[in-house]
Every structure is written in C-alpha cells, then in structure tokens.
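Novice: coords please:
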Amino acid sequence: MGIFGFFSKEKKESLDQGLQKSSQSIFSKLSKAVVGKSKVDEEILDELEEVLITSDVGVDTTIKIIERIEERVARDKYVNTEELDTILREEIIGLLEENQSQDFLDFDIPQDKKPYVIMVVGVNGVGKTTTIGKLASLFKNAGKSVVLGAADTFRAAAVDQLILWGNRVGVPVVSHGMNTDPASVAFDTVKKGKEENADVIIIDTAGRLHTKVNLMNELTKIKRVMQKFIPDAPHEILLVLDGSTGQNAFIQAKEFTKATEVTSLAITKLDGTAKGGVVIGISDQFKIPVKYIGVGEKVTDLQLFNRKEFVDSLFSKK
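Specialist: This is a model prediction of the structure:
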C-alpha cells in the first residue's frame, strides 16, 4: 500500500488548515442565515442557496443540493437548524458518490500499465509544473521510478522549473529547451521511460496556444507520437485547475474537455482562497474524478482527494 493508504491525522490537519479560509467563510455565512431560527424553512434554504453559490459551488450543483435538502426536510417533517451543517455534509457526500467522484487511496498504478503515462494539461499559472514536480516526489516516495518530460516548450520558465524539480526530487527530465517541438520531447520521454523500465512517465504540455484548434492539434500530435512506443498511452490525462479562480476554473475545464479527453482533475491553491466549493461543483458538473487537491506549499500538501474528509473539513465548525 502506498503512502496514502489511510487518511492520517497529519493529512487531516493539513486539509483542515488548507481549507480554513473557505470553511470560515461558509460557516460565517451559515451562522448569519440561521441566527434566531430554530427550524429549517424556505427562508433558510434560500439563504443556504446564496451561501453555496457565493462559495463557488456553482448554480447547477447548488440547485441539486438544495433540492436534496428540501426532500429531506419534507420527509423528516421537522429539521432544526442545529442539524443543518450535518445534513449539508451528508447530502453533498451523497451527491459526489453518485457522480464519477471517487476516493484514491494511494499512489499505486495498474500492474498492466507500465510505464504508466500521465499527460498533464492546463492553462499557464494554475500550478501545473509545480503539481508535476510534487507528483514526481510523491510517486518516488511511494517507491516508483519516474521520468518527466518538459513538453511545455512555449515557456522557458516551464522548462527550467521542471528541470529544477527533477534535480530537487532526483528524477530524470527529458528536455530539448524552449521553442522546440513538444511532440519530439514527448517521443523521447516515452522512449527513455520504456527503455529504462520506469513505473511512471509524466509529460508537461503547453498551457496556452492561440486557438482551441491549435491546442487540440498539439495534444493530439503528442498522444500520437507517444503511442509509437506505448499503444494505449497516455493512460491518464490530468487537467490542473486553479481553485482560487472560482468560476474561471469551470470555464477552463470546459475548454480543455472540448480539446481533449480529460480523465482526472487536480485542483490547486485551495489554501489561498475562500472558493473551496468549486471542487464540489466541478466534480459534479464534469463527471470527471477529482484526483488531487492542493492545500499548501509543501509537497505533501498535494493530497489525494477523499470526498468525505474534504466535505467534513469544508463544512465543519472551526
């Protein structure tokens, strides 16, 4: 079992701390909504709807949550305001369970997928390269051999940053420098990973091309050259989103899911924002598993997503 085979006390404390701004904001708004009230009624549900929307859960997902709570209130006849935060947590966890959301327990990879190839996509500035560096470190600590590919060749900073991470973590980085062919970098990275019998290959890609068509063509070309060595590569297309941008993260997710087949999500920078609700909305609306969340600067603050622990931390009283 990997280093995240159980949700440790340290991880929970890190999660609580990372979501503190979001949790305090939500609890403060909820407290104002229920002050002086003993029973959950239509007025409180209207207030709750506003709390969720302003916490960047998103309108469509908020409506689903409110409808679930309305059904429960109608079924139970009388629900006091003391129970509201518990009911809210239970219904959101239930909603996530019905979607593609799942709990990832460790950094193991499928035994029949070696090397396991991850192509990472996302706009510039979301923490994409940092996420790759942290992932490399976490995989290595879980006993996996890793090769990185610096295929975001449109930005010198991205190439240099990935090389820096490789040196820090002690994993090889394939790089041809800036303004070189990204597909060529991906080709050489997969070739090296295959020849060296690596467990995991992680390919960084350009965060911004001039049009969606260009982006789609570039990602398709990268996938095609990788498949010359590993026919079913990439095994995972990880989209990195900046949680602190709130609804802009939804827009980014829409654009990238149109450009390529995204199979997992990493939502970063949740420690610096009160918009943690965006994780719930994105998970619900796109039906793509949230696999990683970033709740701090340390390598170990990139956590595997656990829906129950996440919702408990987001809606618990601090």
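
Novice: quick one: buried residues of stretch 23-37?
Specialist: Judged by neighbour count (16 or more other CB atoms under 10 Å), stretch 23-37 contains these buried residues: Ser23, Ser25, Ile26, Phe27, Lys29, Leu30, Ala33, Val34. Where you see a C-beta, it was placed from the backbone N, CA and C, and this is true even at glycine.

Novice: how close does Thr61 sit to Ile288?
Specialist: Relative to Ile288, Thr61 is positioned 14 Å away (criterion: CB to CB, to the nearest Å).

Novice: of these two, which one has the most company?
Specialist: More crowded of Thr61 and Ile288, by other CB atoms under 10 Å: Thr61, with 23 against 20.

Novice: the more buried one - that's part of a strand, no?
Specialist: No - assessed by DSSP: H, G, I helix; E, B strand; the rest coil, Thr61 does not belong to a strand; its assignment is helix.

Novice: what's the spacing between it and Ile93?
Specialist: The span separating Thr61 from Ile93 equals 13 Å under the rule CB to CB.

Novice: likewise for Val173?
Specialist: As defined by CB to CB, Val173 lies at a distance of 39 Å from Ile93.

Novice: quick one: which of the two has more around it?
Specialist: Remark: of Val173 and Ile93, Val173 carries more neighbours, 25 against 19, as counted by other CB under 10 Å.

Novice: show me what that one is bridged to.
Specialist: Here Val173 sits in beta bridges with Leu148, going by DSSP bridges.

Novice: Val146 is in contact with that one, correct?
Specialist: No - at 9.8 Å, Val173 and Val146 do not qualify as touching, with contact defined as CB atoms under 8 Å.

Novice: joint contacts of the two?
Specialist: Shared contacts of Val173 and Val146, defined by CB atoms under 8 Å, 6 or more residues apart in numbering, are not found at any residue.

Novice: residue ranges of the helices in this structure, please?
Specialist: Under the criterion DSSP state H, the chain contains helices at 9-18, 20-34, 42-54, 59-76, 84-98, 128-141, 156-169, 182-195, 212-226, 247-259, 278-286, 307-315.

Novice: identify whichever of the ones you listed lies nearest to Glu236.
Specialist: Smallest distance to Glu236 across the helices of the chain (CB to CB): 10.8 Å, for helix 128-141.

Novice: and stretch 280-290, how far out from the chain's middle?
Specialist: 9 Å (CA atoms, centre = their mean, to the nearest Å).

Novice: ok, and what's touching that stretch?
Specialist: Here stretch 280-290 has contacts from 56-58, 60-62, 64, 92, 95-96, 99-102, 104, 239, 241, 249-250, 253, 257, 262-267, 279, 305, 307, 311, 314, using CB under 8 Å, 6+ apart.

Novice: buried residues, it. List them.
Specialist: Along stretch 280-290, the positions that meet the burial threshold by neighbour count (16+ other CB under 10 Å) are Ile280, Gly281, Ile282, Ser283, Asp284, Gln285, Phe286, Ile288, Pro289, Val290.

Novice: which two in those residues are spaced the farthest apart?
Specialist: Across those, the two members that end up farthest from each other (CB to CB) are Gly281 and Pro289, 14.5 Å apart.

Novice: what residue ranges in the stretch 201-318 of the chain score low on pLDDT?
Specialist: Of all residues in the stretch 201-318 of the chain, those with pLDDT under 70 make up the ranges 209-211, 317-318.

Novice: picking that back up, relative to Pro110, which of the helices of the chain is closest?
Specialist: Going by CB to CB, the one of the helices of the chain nearest Pro110 is helix 128-141, 13.8 Å.

Novice: what's the angle between that closest one and helix 156-169?
Specialist: Using axes from the mean of the first three to the mean of the last three CA atoms, to 10 degrees, the direction of helix 128-141 lies 20 degrees away from that of helix 156-169.
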